[in-house]
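K.L.:
One predicted model, sequence on top.
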Amino acid sequence: MKNIINETAIKLGVCYYPEHWSEQLWEEDFTRMKEIGFEYVRMAEFAWTIFEPAEGEFTFDLFDRAIDLAGKQELKVILGTPTATPPVWLTEKYPEVLNASQEGVRYSHGSRRHYNYNAEIYHTLSKRIVTKMVEHYRDHPAVVGWQIDNEINCEISMFYSEADTLAFREWVKNKYGTLDNLNEAWGTVFWNQTYTDWEQVFLPRPTVNNSQNPHQSLDEKRFISDSAIRFVKMQSDLIRSLTNKQWVTTNGMFGHLDNHRMTKDALDFYAYDSYPNFNKIIEDSSTKQLRDRKWSLNLSTVRSMGGNFAIFEQQAGPGGWVNRIEQPTPRPGQLRLWTYQSMAHGADLLLYFRWRTATKGSEIYWHGINDYHNLPNRRISEIKQTSNEIKTIGSKLFGSSYVAKTAILMDYDNEWDGEEDKWYGSFIGKSREAWFKAFQYHHIPVDIFNVHTETKLDDLLKYEVLVYPHAAIMTESTAELLTQFVEQGGQIVFGSRTGYKDVTGQPYMKAFPGTIKELVGITVEEYTLLNGWQENPDVRLFNKKLVETFGFNEVLRIEDDDVEVVGTYENAFYEGKPSLTKRKVGKGKAYYFGGVFDYEIATMVLEDLQVTDYKDMFKLTEEIELAVREKNGETLFVLMNYSKDEQVVELKQEMTDLLSGKTINGKKQLHAYDVVVLK
């Protein structure tokens, strides 16, 4: 990312909407941004009507004046293409661009993201507005980059317009070639769904029992992703054909979108919108809640899309719309903490959302740095302090690499198939989060790694441990790749419902766990969903205490003499049968757990694994996150306190505190939500 954004240190900025404010405020706003230490400003992603007030009539006066004033303060401008919100004149004249419900009811203009990706007239009109904007601003010295659209697949990630149905039909034709191939892939012989003409093929529609063909539904998600990527790539290709001076990205991370492929095919780097205080996500009843640390999991996923990234919306205050409350007010220190959280996981450019809280529209309670009145507040002071600190350490963190010897594997096929398949779908997120907690609370940095058809063995060999909890869909080639990883010294952990489906989502006619049976050396004797009418069985792992299981149990049968049983079931009709196994394969080990992971079970398996940790360097409380970054042979350690209480950490060797410049050793106090960067 270093050469792309033409920086040598981490920079801060802010989102700003000049069209929302009196022009008399602009110059003062930009001046104050510069005083805080901001160097970037992002604008225009919802301003199509400002640029094209009527079809074919273009005006740039408002943003010309705003961008010139920003440039006067030496602020660098990121412009958004405004396709996330087509104008009223457009949807009134071309209603086919609007999205529709599964029942076929067309959505009305309003809110945002109300369009579909497949109406050709929308591609035509989008190309025109993007062309006009890029031609106008490609030589402006203040404009450095483009954000395509805004938050692809946010608000809604299902599409059922007529244009989508027609495009889906063509997509299916291109993928399968013949109706025989389609019928085989979708298993249409079941329930007499066999297609005899392409015109009979639609996106999934409402059914009597609200049950969709699962194989068709999996392809539906793939189609939606392809449609979104096609739309983004159309814009990025167009921008690059008009300028080679400005970079291209987009922001978000939402459902039914292969963000990894979109980044690879269409973007210079990925940008994420980080709101660690989403209360509907941070509050749960699980053991050892992550709360705002959940965003370290999200940021690790973002990092997997191509290394270092940008944050285009960093939470800057409480949040919510007029019809929903999303985020409480950040406590003193949390805005600074979350900024370091983003940087610790790979953000080289970070913009706060937004400069000032809106006084109109749905987001009048989605607070920015400034309140409505523009008077000084605690949030401004905290961000200014953070900005000053980043001027000190920004060059050391910029372009550095996150150091992790462990990875949690993910893939889109299982994510999407699991939405329909309730026999494992919900377990993926539960087990992923359980393992992330185990790594977090044991201060072991971890990556998220996306497994795909182009994954090579060398991509995996940098890790000591891989965790792949419930990969129901697994090809023979992926199983072979994972086997090679273990043979060469890697350790891998699987969970129940692994390896028994092909890429269409149809089960193999093989003993479970299908494609990895030879690797783990076991088969599944029988299995049961734990649905609450019976007492959940316990497992005894590594001859230690009993732990209650939940969700699903598989009773394992040992198929090879070298398989070690390290866990058994209790208080069930399969009492005494294996629940967790370990097998040495080549230089490595393969674990198989016939259940769903929680924090305690993941921790017990983690303690049996051989993993590089930092216990010889630090003694840390669970409330502290450790991130390790490396650049030019120099290693930096970021310690972040997520607690409202003071934490005491112990350094077991002498280090330099880069924020204070002091040399420290022994015990150090971290105040509530405090951060320290060590070398």
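P.N.:
Nice, thanks for sending it over.
K.L.:
from what I can see residue 262 touches residue 229, true?
P.N.:
Yes. Judged on C-beta atoms under 8 Å, residue 262 makes contact with residue 229 at a distance of 4.8 Å. Any C-beta I mention is one placed from the backbone N, CA and C, and that applies to glycine too.
K.L.:
Same drill for those two, tell me which one is more crowded.
P.N.:
Per other C-beta atoms under 10 Å, whichever of residue 262 and residue 229 has more neighbours is residue 262, with 25 against 21.
K.L.:
any idea whether the more buried one is helix, strand or coil?
P.N.:
Three-state assignment for residue 262 (DSSP: H, G, I helix; E, B strand; the rest coil): helix.
K.L.:
And for the one 10 residues further on?
P.N.:
Recorded secondary structure, residue 272: strand (three-state DSSP).
K.L.:
could you measure the closest residue to it other than its chain neighbours against residue 678, distance?
P.N.:
Excluding the flanking residues, the one nearest residue 272 by C-beta to C-beta, 6 or more residues apart in numbering is residue 302, at 4.5 Å. The spacing between residue 302 and residue 678, counted by C-beta to C-beta, to the nearest Å, is 24 Å.
K.L.:
Could you do residue 535 as well?
P.N.:
Relative to residue 678, and taking C-beta to C-beta, residue 535 is found at 48 Å.
K.L.:
Which of those two has more residues huddled nearby?
P.N.:
The residue with more neighbours, out of residue 535 and residue 678, is residue 678; 19 against 10, by other C-beta under 10 Å.
K.L.:
That one touches residue 637, doesn't it?
P.N.:
Yes. Using C-beta under 8 Å as the test, residue 678 is close enough to residue 637 to be in contact (4.4 Å).
K.L.:
Secondary structure element holding the residue lying farthest from the centre of the chain?
P.N.:
No residue in the chain sits farther from the centre than residue 561, which is 41.1 Å out by C-alpha atoms, centre = their mean. Under DSSP states H and E, no helix or strand contains residue 561.
K.L.:
Can you name the residues in contact with the helix or strand hosting residue 28?
P.N.:
Assigned by DSSP H and E, residue 28 belongs to helix 23-36. Contacts to helix 23-36, defined as C-beta atoms under 8 Å, 6 or more residues apart in numbering, come from residues 12-14, 16, 18, 21, 41, 65-66, 69-70, 72-75, 355-356, 374, 380, 383-384, 387.
K.L.:
Going through these, which ones are buried?
P.N.:
12-14, 16, 18, 21, 41, 66, 69-70, 73, 75, 355-356, 380, 383, 387 (16 or more other C-beta atoms under 10 Å).
K.L.:
Tell me which stretches of the stretch 451-600 of the chain form strands.
P.N.:
Secondary structure of the stretch 451-600 of the chain, counting by DSSP state E, counting those that start in this stretch: strands at 465-468, 491-494, 522-529, 538-541, 546-548, 552-558, 563-570, 578-585, 588-593.
K.L.:
Dump these to TSV, plus distance to residue 669.
P.N.:
Putting the strands of the stretch 451-600 of the chain into TSV (distance: least, C-beta to C-beta, whole Å) gives the following:
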stretch	distance to residue 669
strand 465-468	33
strand 491-494	36
strand 522-529	48
strand 538-541	37
strand 546-548	35
strand 552-558	44
strand 563-570	40
strand 578-585	40
strand 588-593	39
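K.L.:
can you list these in a markdown table and add distance to residue 270 and mean pLDDT?
P.N.:
Putting the strands of the stretch 451-600 of the chain into a markdown table (distance: least, C-beta to C-beta, whole Å; pLDDT from 0 to 100) gives the following:
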| stretch | distance to residue 270 | mean pLDDT |
| --- | --- | --- |
| strand 465-468 | 23 | 98 |
| strand 491-494 | 27 | 98 |
| strand 522-529 | 37 | 97 |
| strand 538-541 | 38 | 97 |
| strand 546-548 | 38 | 95 |
| strand 552-558 | 34 | 98 |
| strand 563-570 | 39 | 98 |
| strand 578-585 | 35 | 98 |
| strand 588-593 | 32 | 98 |
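K.L.:
For residue 446, find the nearest of those strands.
P.N.:
Closest of the strands of the stretch 451-600 of the chain to residue 446 is strand 465-468, at 8.5 Å (criterion: C-beta to C-beta).
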